[in-house]
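In: I need the structure of the sequence given here:
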Amino acid sequence: MDQKSDIFEFYVTDEYEGIRIDKLISELIDSLSRTYIKKLIDDKKVFCNNKNVKASFNVSEGDEIRMEIPPVEVPEILPQDIPLDIIYEDDDVIVVNKPKDMVVHPAAGHYKDTLVNAIMYHCKDNLSGINGVMRPGIVHRIDKDTTGSVIICKNDNAHREIAAQLKEHSINRVYHAICYGILKDDEGDIDAPIGRSSSDRKKMAVVPGGKEAFTHYRVLKRFEEDGFTYIECKLKTGRTHQIRVHMAYIGHPLLGDEVYATSRKSKFNTNGQCLHAKTLGFVHPVTKEYIETDAPLPKYFTHLLNVLK
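Out: Below is the predicted model:
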């Protein structure tokens, strides 16, 4: 049976007098993006006093707004024969060294060529289902342009056990990165809460009232002449973009970071941030033995280390 659209109706009060209808809807339903709201308006799913209007239409007090929100269509995610760099694998978990420019799991408008498509082909039906059809086996993620270790769970028991370790911050996660500037101290702690940026909802930032975020960094090598520092970062917490946000916060954003280092220029083309999830240590969900994996640095990273001075 076909799913029905959700109907959203309300009357404009005096506080919203004169504002654009797309802005009004985004303020009343913050789960909808402005892009999606515009699509609903363009598809004639939004009515003011029973008439279709444009996104730029200014509402008046007393207007009756009616909006139809179509049911979410869950696409079929298909296995793809994509080569995987497997660091560790057994009957319960698999650790993959993810390459640059690969998205971990499918999302709206991006349903193929992801790590999930690749592991679905490799593991067949042996993947946990806790995170649904869009994220089978996925218990954590790293950014598209971040390389390195990702652990995937082959069954629900393994998923629950690894998820619990992530929640307890007991998994050993060590990243390598190259940042702008010369760090003076050989090591240091960044203890600063992270939340959604108030100026740009697509970015994260250090904000009052954000979620606890703790990063320990250690200098591996300083490139005084070129003005870069090679560092190791160990995560106690795992917030979205944590290392990228924290390093930018202390004035040393990551080389190539197109979101948090926009004011910095470099002669090197890294295709995104220079960040690699190198070490991943966890207690095996079944044997209870401690397992630690190491993902070799990608070629672009080792090349940089060889040419920097």
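In: Just list the residues touching the residue lying farthest from the centre of the chain, thanks.
Out: Relative to the C-alpha centroid of the chain, counting by Cα atoms, centre = their mean, Gly62 is the outermost residue, at 40.9 Å. Gly62 sits next to Tyr11, Val12 when contact means Cβ atoms under 8 Å, 6 or more residues apart in numbering. C-betas here are computed from N, CA, C, even on glycine.
In: For it, give its distance to Ile29.
Out: 20 Å (Cβ to Cβ, to the nearest Å).
In: next one: Leu183
Out: As judged by Cβ to Cβ, Leu183 and Ile29 stand 44 Å apart.
In: For these two, indicate the residue with more neighbours.
Out: More neighbours surround Leu183 than the other of Leu183 and Ile29, with 20 against 14 (other Cβ atoms under 10 Å).
In: is it true that the more buried one touches Lys221?
Out: No - assessed by Cβ atoms under 8 Å, Leu183 is found out of contact with Lys221, at 10.6 Å.
In: shared neighbours of these two, anything?
Out: Residues touching both Leu183 and Lys221 (Cβ under 8 Å, 6+ apart): Thr229.
In: low-scoring stretches of the stretch 1-150 of the chain, by residue?
Out: Applying pLDDT under 70 to the stretch 1-150 of the chain picks out residues 1-4, 72-74, 108-109.
In: All the helices of it, residue numbers only.
Out: Taking DSSP state H, counting those that start in this stretch as the test, the helices found in the stretch 1-150 of the chain are 21-28, 34-42, 115-123.
In: Return the list of helices and strands in contact with the first one.
Out: Based on contacts counted as 3 or more Cβ pairs under 8 Å, 6 or more residues apart in numbering; DSSP states H and E, the elements that helix 21-28 packs against are helix 34-42, strand 46-48, strand 64-69.
In: of all those, which lies closest to Thr237?
Out: helix 34-42 (30.4 Å; Cβ to Cβ).
In: how far off strand 64-69 does the closest one point, in degrees?
Out: Between the axis of helix 34-42 and that of strand 64-69 there is an angle of 110 degrees, by axes from the mean of the first three to the mean of the last three Cα atoms, to 10 degrees.
In: burial measure for the closest residue to Asp191 other than its chain neighbours, as a count.
Out: Spatial nearest neighbour of Asp191, chain neighbours left out: Phe214 (5.1 Å); criterion: Cβ to Cβ, 6 or more residues apart in numbering. Around Phe214 there are 17 other residues, counting by other Cβ under 10 Å.
In: The one 5 residues further on too?
Out: Here the neighbour count serves as a burial measure; for Val219 (other Cβ under 10 Å) it reads 17.
In: do the same with Ala213
Out: By other Cβ under 10 Å, 25 other residues sit near Ala213.
In: With Met247 instead?
Out: Neighbours of Met247 under the rule other Cβ under 10 Å: 28.
In: Check Asn271 too.
Out: Neighbour number of Asn271 under other Cβ under 10 Å is 11.
In: That one touches Leu255, doesn't it?
Out: No - in this structure, Asn271 is not within contact of Leu255 by Cβ under 8 Å, at 11.3 Å.
In: Overlap in contacts, those two.
Out: Common neighbours of Asn271 and Leu255, counting by Cβ under 8 Å, 6+ apart, are absent.
In: could I get the helix ranked longest in the chain in CSV with only the CA atoms?
Out: Among the segments of the chain that qualify as a helix by DSSP state H, the longest is helix 156-167. What follows is helix 156-167, C-alpha atoms only, in CSV (Å, rounded to 0.1, in the frame of the first residue of the first chain):
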residue,chain,number,x,y,z
ASP,A,156,24.4,-7.4,15.6
ASN,A,157,26.3,-8.7,18.7
ALA,A,158,29.6,-7.4,17.4
HIS,A,159,27.9,-4.1,16.5
ARG,A,160,26.5,-3.7,20.1
GLU,A,161,29.9,-4.5,21.7
ILE,A,162,31.9,-2.1,19.5
ALA,A,163,29.3,0.6,19.8
ALA,A,164,29.5,0.3,23.6
GLN,A,165,33.3,0.8,23.4
LEU,A,166,32.9,3.8,21.3
LYS,A,167,30.4,5.3,23.8
